[in-house]
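Novice: Next input, structure requested:
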Amino acid sequence: MKFDLAKGSFAKSPGKDNAPSITRQSNGFDQFSSMLQTTESASVLDMSGASQANISFITGAGHRISSDDILGSMQQFFGDDFLESQQAASNAQRFLETTLTFPNAFFNGALVWDALQFLASPLMDQTVAQLLRVVRPGGLILAFFNGNEKITRIPLYNYRIQDAKTIVQIPRGGSQRCQYFNNRTLEKLFQSAESVKFFLTRDNTREVLVRR
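Specialist: Prediction:
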């Protein structure tokens, strides 16, 4: 399955079901995992939806995990005219009212993965504000952004935790780029956080580790 932002809906992608998974080391997740090792009974938000591999890793380390399928919410509220629908105040408000509806400072960390790169301003800024609200001061937020500015269509993945340094990316199609995020753009996006750290991988994934 893929979430096609050009159409605003999930659709089967011919040939993609057999695409090989990508297993790679993640410096961003390595540092996120280090935070978990030094925190007792942490609460973690996984924004890719429920995953048994991720649940097992987090709970096996003695922590709690909550899931919020933000891409599913995008599909539900914005429909076919995805990018245009985000600009409608009523649609954006309904999305915000049902996304990240957790108490203030509820989580020690959030695994956002690649979800944020499919939002456009001003909804992007409002969603990040909600994300920062639900993460405790000093907590970590891990987000991925495609770093190849030459492409107009970017790959989508499901993310599965293999171990404290390794993630598995399962292809689920591709999507039209919403906007390009460079370091300056991301620093501005998370300007109210304590710090923002970048890791650029060989596959042009810009990993962003935000300390709340």
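
Novice: what's the distance between the closest residue to Val135 other than its chain neighbours and Met35?
Specialist: Excluding its sequence neighbours, the residue lying closest to Val135 (C-beta to C-beta, 6 or more residues apart in numbering) is Arg212, at 4.5 Å. Where you see a C-beta, it was placed from the backbone N, CA and C, and this is true even at glycine. Plainly put, Arg212 is 11 Å away from Met35 if you go by C-beta to C-beta, to the nearest Å.

Novice: which neighbours do these two share?
Specialist: 139-140 (C-beta atoms under 8 Å, 6 or more residues apart in numbering).

Novice: those strands in this protein, which residues are they?
Specialist: Taking DSSP state E as the criterion, the chain carries its strands at 2-4, 9-11, 22-25, 43-46, 64-67, 107-113, 135-146, 153-163, 166-176, 195-200, 205-211.

Novice: Mean pLDDT, distance to Met124 and mean neighbour count added to the ones you listed, as JSON lines?
Specialist: Output for these, formatted as JSON lines (pLDDT from 0 to 100; distance: least, C-beta to C-beta, whole Å; neighbours: other C-beta atoms under 10 Å):
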{"stretch": "strand 2-4", "mean pLDDT": "33", "distance to Met124": "17", "mean neighbour count": "19"}
{"stretch": "strand 9-11", "mean pLDDT": "38", "distance to Met124": "21", "mean neighbour count": "14"}
{"stretch": "strand 22-25", "mean pLDDT": "95", "distance to Met124": "26", "mean neighbour count": "13"}
{"stretch": "strand 43-46", "mean pLDDT": "97", "distance to Met124": "18", "mean neighbour count": "23"}
{"stretch": "strand 64-67", "mean pLDDT": "95", "distance to Met124": "21", "mean neighbour count": "16"}
{"stretch": "strand 107-113", "mean pLDDT": "97", "distance to Met124": "12", "mean neighbour count": "25"}
{"stretch": "strand 135-146", "mean pLDDT": "97", "distance to Met124": "11", "mean neighbour count": "22"}
{"stretch": "strand 153-163", "mean pLDDT": "90", "distance to Met124": "16", "mean neighbour count": "19"}
{"stretch": "strand 166-176", "mean pLDDT": "85", "distance to Met124": "15", "mean neighbour count": "18"}
{"stretch": "strand 195-200", "mean pLDDT": "94", "distance to Met124": "15", "mean neighbour count": "14"}
{"stretch": "strand 205-211", "mean pLDDT": "97", "distance to Met124": "13", "mean neighbour count": "21"}
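
Novice: Could you dump those strands into TSV with distance to Ala53 added?
Specialist: Output for these, formatted as TSV (distance: least, C-beta to C-beta, whole Å):
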stretch	distance to Ala53
strand 2-4	20
strand 9-11	21
strand 22-25	12
strand 43-46	10
strand 64-67	11
strand 107-113	12
strand 135-146	16
strand 153-163	4
strand 166-176	8
strand 195-200	22
strand 205-211	19
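
Novice: And those strands: which comes nearest Glu84?
Specialist: Nearest of the strands of the chain to Glu84, taken as C-beta to C-beta: strand 166-176 at 12.6 Å.

Novice: Direction included, what does the closest one pair up with?
Specialist: Partners of strand 166-176 in the sheet, by DSSP bridges, are strand 22-25 (antiparallel), strand 153-163 (antiparallel).
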